[in-house]
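In: Got a predicted model here, sequence first, then my questions.
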Amino acid sequence: MDTLRIGIVGAGIMGRGNALSLSARPDAVITAVTSRSAASAERLADEIAGRGTRPQVYPDLAALLASDSVDAVVLTTPDDVHGEMMVRAASAGKHILVEKPLTTSVAEADAAVAAIRANDVVAMCLFNHRWVPAYAQAYELLADLGEGAVAYARKDDTIFVPTEMLSWADRTTCAWFLSSHDIDLVSWLLRDQVRRVYATARWGKLRSLGIDTPDAIQIQAEYSRGAVATFESAWIYPNTFPTTVDSYVSVIADDGVVQLDRQKESVVLARADKYTYPRNMLQRVMHGIPSGAYADAIAHWVDCCRTGRQPLITIESSRDVTAVLEAAHRSIETRQPVEVS
């Protein structure tokens with residue numbers, strides 16, 4: 001396959017982000033777009049046309065999947081609808097890139113994995129943190145530091161995210177939206193899987209604003225070889241915080257410790273009205289070319305689709321992240337430790 005023909009499903013922030021990363025690639029072309037909002041799909045198609053050929057806008061996923069001009073789909077829809085869409089895409093023989101989390105239930109994840117393997121399509125969940133240079137370096141460094149012992153990962157958002165950026169915040173939680181990244185990352189760094197969790201949550205601020213989702217969640221995780229980890233997520237930071245996301249990871253091993261602080265990504269910007277730390281590790285445009293971990297992860301998936309190689313992030317490992325989070329949410333409800341399926 002010389003050129004991968006791609007359909008974008010979802011025309012929100014993540015749909016535009018994926019389209020930007022794909023737009024400059026010589027080995028891929030966006031041929032189709034669909035979204036729940038026809039107007040949003042048309043706007044995204046116009047944006048893509050500004051960087052190349054305008055894709056066709058389809059009325060729904062069924063019409064897009066029936067098109068002979070689509071080899072693969074990029075699913076950038078709300079968290080809770082990924083599962084059914086992946087089953088339909090795999091059954092249509094389309095390769096799949098899906099935004100995190102893979103699904104919000106193990107049953108849906110297992111159905112998606114089964115459909116993907118039965119139809120022999122390439123599929124990857126876009127846990128792009130594995131392509132952040134510092135995180136990839138940490139993976140190599142930890143190989144020489146002995147057995148992992150203790151890990152801590154926080155990913156906290158400003159309140160802009162659940163109140164303005166997402167119209168569907170009440171259909172997910174900060175853990176599904178944020179800690180999914182960290183669970184994939186830390187499990188990769190530790191080269192291990194979570195076996196048991198205990199989790200707690202706090203409601204208040206967002207409920208007072210009419211959004212029925214937790215303000216914050218903490219997950220205590222036990223790994224199969226004995227390491228323990230804490231995953232913190234919250235999304236009620238004030239919007240005056242200098243970044244939309246506050247991200248920090250540390251891993252303590254028998255023979256050393258690695259700390260990864262992404263609050264500042266090398267740049268500090270002061271203006272008359274605000275003080276910020278501009279982001280550049282995940283998404284940036286450098287000399288007119290989309291780059292960063294986001295673009296690198298997508299490039300890896302495109303290459304796998306074209307060659308038939310399996311992605312660095314297996315669909316099964318992403319299913320395991322869903323299993324950890326499902327167990328964590330059950331623990332919040334029962335106030336008991338829960339074994340991960």
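Out: Cool, got the structure. Quick caveat: nothing in here was measured; it's all calculated off a predicted structure.
In: Would you confirm that S233 contacts A216?
Out: Yes - between S233 and A216 there is a contact under Cβ atoms under 8 Å: 6.7 Å. (Glycine included, C-beta is placed from N, CA and C.)
In: Which residue of the two possesses the greater neighbour count?
Out: Per other Cβ atoms under 10 Å, whichever of S233 and A216 has more neighbours is S233, with 26 against 20.
In: what residues are up against the more buried one?
Out: Neighbouring residues of S233 by Cβ atoms under 8 Å, 6 or more residues apart in numbering: 154-156, 173-175, 177-179, 182, 216-218.
In: nearest to Y275, of those?
Out: Nearest to Y275 out of those is D156 (Cβ to Cβ; 18.2 Å).
In: Using neighbour counts, pick out the buried residues of the one helix or strand the closest one maps to.
Out: Element membership for D156, per DSSP states H and E: strand 148-158. Residues G148, A149, A151, Y152, A153, R154, K155, D156, D157, T158 are the ones in strand 148-158 that count as buried (16 or more other Cβ atoms under 10 Å).
In: now that strand: mean pLDDT?
Out: Mean pLDDT, strand 148-158: 98.
In: Output the contacting helices and strands for it.
Out: The helices and strands touching strand 148-158, judged by 3 or more Cβ pairs under 8 Å, 6 or more residues apart in numbering; DSSP states H and E, are helix 180-190, strand 228-237, strand 245-253.
In: do that again at 10 Å, thanks
Out: Helices and strands touching strand 148-158, by 3 or more Cβ pairs under 10 Å, 6 or more residues apart in numbering; DSSP states H and E, are helix 174, helix 180-190, strand 216-223, strand 228-237, strand 245-253, strand 256-261.
In: Any idea which of the ones you listed gets closest to D110?
Out: helix 180-190 (16.9 Å).
In: mind checking how far that closest one is from the chain centre?
Out: For helix 180-190, the separation from the chain centroid amounts to 12 Å (computed by Cα atoms, centre = their mean, to the nearest Å).
In: ok, F127 touching I313?
Out: Yes - with contact defined as Cβ atoms under 10 Å, F127 reaches I313; the gap is 5.4 Å.
In: Tell me the predicted confidence for R25.
Out: Looking at R25, its pLDDT is 86.
In: Kindly report the same for the one 5 residues further on.
Out: Here the pLDDT value assigned to I30 is 97.
In: ok but it is inside a strand, no?
Out: Yes - judged by DSSP: H, G, I helix; E, B strand; the rest coil, I30 forms part of a strand.
In: ok, it - contacts?
Out: 4-8, 18-19, 22-23, 44-45, 48-49, 51-56, 70, 74 (Cβ atoms under 10 Å, 6 or more residues apart in numbering).
In: Mark which of the residues you listed are part of helices, please.
Out: N18, A19, L22, S23, L44, A45, I48, A49 (DSSP state H).
In: Tally up the residues packed near C174, please.
Out: Number of residues near C174 (other Cβ under 10 Å) recorded here: 25.
In: mind checking how far the residue nearest to it when sequence neighbours are not counted is from F127?
Out: Leaving aside its sequence neighbours, C174 sits nearest to S233 (Cβ to Cβ, 6 or more residues apart in numbering; 4.0 Å). According to Cβ to Cβ, to the nearest Å, S233 stands 15 Å off from F127.
In: A323 too?
Out: 15 Å.
In: again with T76
Out: 14 Å.
In: End to end on stretch 172-180, go ahead and measure it.
Out: With Cα to Cα, to the nearest Å applied, stretch 172-180 spans 12 Å between its terminal residues.
In: Figure out how far that stretch is from the centre of its chain.
Out: Relative to the centre of its chain, stretch 172-180 is centred 10 Å away, using Cα atoms, centre = their mean.
In: same check, this time on stretch 37-47
Out: Averaged C-alpha coordinates place stretch 37-47 at 23 Å from its chain's average position (Cα atoms, centre = their mean).
In: what do you get for stretch 215-232?
Out: 19 Å.
In: How about stretch 98-106?
Out: Remark: stretch 98-106 is offset 9 Å from the chain centroid, using Cα atoms, centre = their mean.
In: coming back round to it: could I get the helices and strands packed on strand 148-158 as TSV with distance to T34?
Out: Conversion of the helices and strands packed on strand 148-158 to TSV gives the following (distance: least, Cβ to Cβ, whole Å):
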stretch	distance to T34
helix 174	28
helix 180-190	24
strand 216-223	32
strand 228-237	28
strand 245-253	28
strand 256-261	37
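In: average pLDDT across the one helix or strand A63 maps to?
Out: According to DSSP H and E, A63 maps onto helix 61-65. Average pLDDT, helix 61-65: 98.
In: and it, what other elements does it pack with?
Out: strand 4-9, strand 28-34, strand 56-57, strand 72-75, helix 82-91.
In: Would you agree A229 is in contact with D182?
Out: Yes - here A229 reaches D182: they are 8.8 Å apart, a contact under Cβ under 10 Å.
In: Overlap in contacts, these two.
Out: A151, Y152, A153, I219, V249.
In: quick one, which of the helices and strands packed on helix 61-65 is nearest to P290?
Out: Closest of these to P290 is strand 28-34, at 11.9 Å (criterion: Cβ to Cβ).
In: Could you check the angle the closest one makes with strand 4-9?
Out: 30 degrees (axes from the mean of the first three to the mean of the last three Cα atoms, to 10 degrees).
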